[in-house]
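Asks: give me coordinates for this.
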Amino acid sequence: MAYLTEGFRPLRQQLRLEGGVDILSTSSAVALDGKSGNWQSINAGAAIDLTLPPEESSNGLVFGIAETGGAFAITVKNDAGGTVVTVALSTTVLVGCDGAAWAVVG
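Replies: Next up, the predicted model:
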């Protein structure tokens, strides 16, 4: 992934996530794809797994995942079933993909 190496550029307009926001309360597993909202706000009513899309079709894709006050954590997994991160109660993580692997980026 390439980023600016010098200075910064101020945003002169409202920053919007093109993929939008998905808000849900669930006790079931969640599977994301390239059409899912970039921000996932989930009230987990049970310990759930959230599966990310395949790496080879996700280069540059970023998801913010928030557990918004449910009683359980969310286990974020890649499409092969490997754990990327666990989102604890009332916390947020940002995951991104470089086309080869998913990783926590914030």
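Asks: in space, what's closest to Glu56 - neighbours in sequence excluded?
Replies: Gly99 (6.6 Å; C-beta to C-beta, 6 or more residues apart in numbering). Backbone N, C-alpha and C define where each C-beta goes, glycine included.
Asks: just give me the neighbour total for the one you found.
Replies: Gly99 has 12 neighbours, counted by other C-beta atoms under 10 Å.
Asks: who touches it in this structure?
Replies: The contact partners of Gly99, by C-beta atoms under 8 Å, 6 or more residues apart in numbering, come to Glu55, Glu56, Ser58, Asn59, Gly60.
Asks: pretty sure Gly70 sits against Leu24.
Replies: No - contact status for Gly70 versus Leu24: not in contact, 10.4 Å apart, counting by C-beta atoms under 8 Å.
Asks: ok, back up a step: out of the contacts of Gly99, who has the most neighbours?
Replies: Ser58 (23 neighbours).
Asks: overlap of the contact sets of Gly70 and Leu24?
Replies: Ile42, Asn43.
Asks: for those two, indicate the residue with more neighbours.
Replies: In this view Gly70 and Leu24 are compared by other C-beta under 10 Å, and Gly70 has more residues nearby, 19 against 13.
Asks: ramachandran coordinates for the nearest residue to that one once chain neighbours are set aside?
Replies: Leaving aside its chain neighbours, Gly70 sits nearest to Ala44 (3.6 Å; criterion: C-beta to C-beta, 6+ apart). Note on Ala44: its backbone torsions stand at phi -80, psi 120 [degrees, to the nearest 10].
Asks: sweet, I'm off.
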